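K.L.:
Could you work out the structure for the sequence below:
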Amino acid sequence: MEERRKIVEMNQIQHGYPIYQLEESMGELVAEGSYGSVKDLLVFVEAPSRVDADYGIQLNRYAGHLNVSPVSLANRLAKKISSQVSPYIESAFDQGPFLNFKLDMARFGESVTSEILEKKDSYGKEQIARGKRVVIDMSSPNIAKRMNYGHLRSTIIGDALANIYKFQGYEVVRDNHIGDWGTQFGKLITAIKMWGNEEELLASVDPIGILQDLYVKFHEVAKEQSEKIRDGMKIQVKEKGLSSIPALKKAVEDVSQEIITRKKITKAELNMETIIEDALDRVVVPEIEDEGRRWFSKLENGDSEAKRLWKICIDLSMKEFNRMYQSLGVDFELTLGESFYENMLNGVVAEVKKSKVGKVSDGALIVDIQDKSLGVAIIQKRDGASVYMTRDLATASYREKELKADKVVYVVGEDQKQYFQQLFEILKRLGHKIGEKSEHVYFGMVRLPEGKMSTRAGRTILLKDVIDEGLKKVGEVIDERSPELARDKVKRDKTIKQIAIGALKWNDLSQDPKRSIEFHWEKALNLEGYSSPYVQYTAVRAGSIIEAAKKDGIDLSFKNNLSSEVYSHSSERALIRKLAEFPKAITTAQVGNNPSQVAIYIYELAKRFNTFYKDLQVLKGNSDDVRDSRLRLVVATRQVISNGLGVLGIEVPEKM
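P.N.:
Numbering: from 1, shown residues only. Sure thing, here's the model as predicted:
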């Protein structure tokens, strides 16, 4: 219901497309049917089921608001409908609370196709948000880590949303917020110093692989050291008692009190074995972790050696990232790492301290948001170090003040839901309006059959491998099925990339982003059914008909008006209705931040076109008028599929 409300609000200033003209007319009619009690009512026309009509209106959702019976309202409106209400309406009838009507499809079809033929790439675009700027926070890989399949989701969902927002009139800034700062760099520098070889690293064809292996090794050693320390402490506690390790004793007391408070139990009910394990988590710090923290502290303080190694990691990583983006056809208006905001962090800390929002607790600066069930957010550690929240507050402030963003959309995994709720709430409490205008578009995690992907565990599906496998698979299909295309290496390679990357993007964008994905090669590179290649092939088929028409010398300027005898077949009518609905699909996708609405739409459009193609002759129609009317549908369909796929970042090949 919330999405429907937003769509209503947005569509109140949209009147250009035939589908909106029709809905506007019906809104005026429904309002009149309420005896003038409501004005400027916007209604949604929908395809009725099991009824011989083009569109219908379910009046229950309006009748209650209008204080009239839906059945009597439907009956009254059916009698009032005529061409004077809308030039597109031919007849109407009521059925219970439903008002159904048939269109003068010759007139409606000509209007729809004329809009598409005239606007071409701009069909579906609006000026709803003209003059407004939206920042899309997307992709955001971490330096020194290979891009895995999980990064694909943020990258292509963010890119599709950017295209959708552009269609609505926004000025879009795709911001690749690179993870190039934090304690992990202290760990990485430590690993390079202990086990790395700089010459080998700089000469390698896979430098990120080397850096990632070093990072994994750091955590393996840290785990070994941690287990050794834990075992030693347990033995000491057993032999000498808890008091022999004051830090552990204090941690046990803290954990015990927290559990007593949270669970409202007595001290006697505590499970001391579990408490000691939790307390050990707090006090056990492997030597290598300490060394990592020291190096990050050096980096924060501008140490030349730390900065040098950090810069090497960034340069090598960005080269690899940019190769992946080029393969995916994704560009950014802005690429700024977390380090860019480093000199703004003191300002953030000062702002929080000055406000009544933050407070010092156990030496750390925090914001208590428990009144919103959002826990406690740390802004600055007790040792003065920054955290992700510090940097994200600085980033949000920069986007608000310097980039003049009217809205920020964060495309980040679902495991960060509470974090972004905290971020937005803190921004609001600090008086930053951008907190009210920020949205977290989360996506489900990517899992392998053996479990969640993990860099530390060395269990990932690399994006590069997915792309390479896709190119190989599509190449084999083309070589087998299209020998003529395979002989032209330039066209072959271009087509392979268009199909493979299209299939990869579709696998993700064709479903609600909130859904988690269990990765399977076969599904990711599916070339049939509900897939990008199916839709691409439909556009190619339409293109072939257009080329055949040109060879026959048929004029495709479509300057003459159509007669009233066209568009009478059910498959023509169904195709026209779907073509008309493209602007609504874009609006729905933007309001819900859900690119799958576009994918679903163009798949349905492709299915209706293929039914039309199967049912009717195009170039051999009964008359020139019928032929031209059907050619208009062919040209319009190819254009709308191209527009829709383009929104998803998918290209249409010349041949398949």
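K.L.:
Verify the contact between residue 500 and residue 476 for me.
P.N.:
No: the criterion here is Cβ atoms under 8 Å, and residue 500 misses it with residue 476 at 11.0 Å. Yep, even glycine has a C-beta here, placed from its N, CA and C like the rest.
K.L.:
Show me which of these two is the more surrounded one.
P.N.:
Each of residue 500 and residue 476 has its neighbours counted (other Cβ atoms under 10 Å); residue 500 has more, 26 against 11.
K.L.:
Secondary structure element holding the more buried one?
P.N.:
helix 489-509 (DSSP states H and E).
K.L.:
Quick one: list the elements packing against the longest helix seen in the chain.
P.N.:
Secondary structure of the chain per DSSP state H: the longest helix is helix 207-240. Applying 3 or more Cβ pairs under 8 Å, 6 or more residues apart in numbering; DSSP states H and E, one finds that helix 207-240 contacts helix 183-195, helix 198-203, helix 272-283, helix 287-300, helix 304-328.
K.L.:
Just say which of the ones you listed is most tucked in.
P.N.:
Sort the helices and strands packed on helix 207-240 by mean neighbour count, taking mean count of other Cβ atoms under 10 Å, and helix 183-195 sits at the top with a mean of 21.
K.L.:
Isn't residue 298 up against residue 304?
P.N.:
No: in this structure residue 298 lies outside contact range of residue 304 using Cβ under 8 Å: 9.3 Å.
K.L.:
can you count the residues close to residue 462?
P.N.:
Counted with other Cβ under 10 Å, the neighbours of residue 462 add up to 17.
K.L.:
ok so, going back, could the helices and strands packed on helix 207-240 go into TSV alongside mean pLDDT?
P.N.:
Compiled in TSV, the helices and strands packed on helix 207-240 are given as follows (pLDDT from 0 to 100):
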stretch	mean pLDDT
helix 183-195	96
helix 198-203	94
helix 272-283	92
helix 287-300	94
helix 304-328	95
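K.L.:
got TSV for those, with distance to residue 226 too?
P.N.:
Formatted as TSV, these follow (distance: least, Cβ to Cβ, whole Å):
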stretch	distance to residue 226
helix 183-195	14
helix 198-203	27
helix 272-283	9
helix 287-300	8
helix 304-328	24
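K.L.:
so which of the ones you listed gets nearest residue 563?
P.N.:
With Cβ to Cβ, the closest approach to residue 563 among these belongs to helix 304-328: 47.0 Å.
K.L.:
Show me what that closest one is packed against.
P.N.:
helix 149-167, helix 183-195, helix 198-203, helix 207-240, helix 287-300, helix 463-481, helix 489-509.
K.L.:
at 6 Å instead, please
P.N.:
helix 183-195, helix 207-240, helix 287-300 (3 or more Cβ pairs under 6 Å, 6 or more residues apart in numbering; DSSP states H and E).
K.L.:
Among those, which comes closest to residue 596?
P.N.:
Distance to residue 596, taken as Cβ to Cβ, is lowest for helix 207-240 among the helices and strands packed on helix 304-328, at 31.1 Å.
K.L.:
Give me the angle between the helix or strand following that closest one and helix 207-240.
P.N.:
Following helix 207-240 in sequence order, the next helix or strand is helix 246-263 (DSSP H and E). For helix 246-263 against helix 207-240, the angle by axes from the mean of the first three to the mean of the last three Cα atoms, to 10 degrees is 90 degrees.
K.L.:
For helix 246-263, give me every contacting residue.
P.N.:
If you take Cβ atoms under 6 Å, 6 or more residues apart in numbering as the criterion, helix 246-263 is touched by 242-243, 270, 275, 278-279, 282-283.
K.L.:
Buried residues, that helix. List them.
P.N.:
By neighbour count with 16 or more other Cβ atoms under 10 Å, helix 246-263 contains the buried residues 248-249, 251-252, 255-256, 259.
K.L.:
show me the contacts for residue 286.
P.N.:
Counting by Cβ under 6 Å, 6+ apart, residue 286 has contacts 222, 225-226.
K.L.:
Show me which of those is closest to residue 653.
P.N.:
Distances from residue 653 to the contacts of residue 286, taken as Cβ to Cβ, are shortest for residue 222 (49.4 Å).
K.L.:
how about the nearest residue to that closest one, chain neighbours excluded?
P.N.:
residue 286 (4.6 Å; Cβ to Cβ, 6 or more residues apart in numbering).
K.L.:
Pull up the gap between the one you found and residue 238, please.
P.N.:
Computed as Cβ to Cβ, to the nearest Å, the residue 286 to residue 238 distance reads 22 Å.
K.L.:
what do you get for residue 283?
P.N.:
If you go by Cβ to Cβ, the gap between residue 283 and residue 238 works out to 16 Å.
K.L.:
just residue 416 next, same as before
P.N.:
From residue 416 across to residue 238, the span is 41 Å (Cβ to Cβ).
K.L.:
Looking at the two, which has the bigger crowd around it?
P.N.:
Neighbour tally, residue 416 and residue 238, criterion other Cβ under 10 Å: the higher count belongs to residue 416, 15 against 9.
K.L.:
Quick check: phi and psi at the more buried one.
P.N.:
With angles defined as degrees, to the nearest 10, residue 416 sits at phi -100, psi 20.
K.L.:
And for residue 59?
P.N.:
The phi and psi torsions at residue 59 (degrees, to the nearest 10) take the values phi -90, psi -10.
K.L.:
do residue 120 as well
P.N.:
When quoted as degrees, to the nearest 10, the phi and psi of residue 120 stand at phi 50, psi -120.
K.L.:
tally of neighbours for it?
P.N.:
11.
K.L.:
one step back: want to throw the buried residues of helix 246-263 into CSV with pLDDT and distance to residue 106?
P.N.:
CSV is the format used below for the buried residues of helix 246-263 (pLDDT from 0 to 100; distance: Cβ to Cβ, whole Å):
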residue, pLDDT, distance to residue 106
248, 94, 84
249, 93, 87
251, 92, 80
252, 93, 82
255, 91, 77
256, 92, 80
259, 91, 75
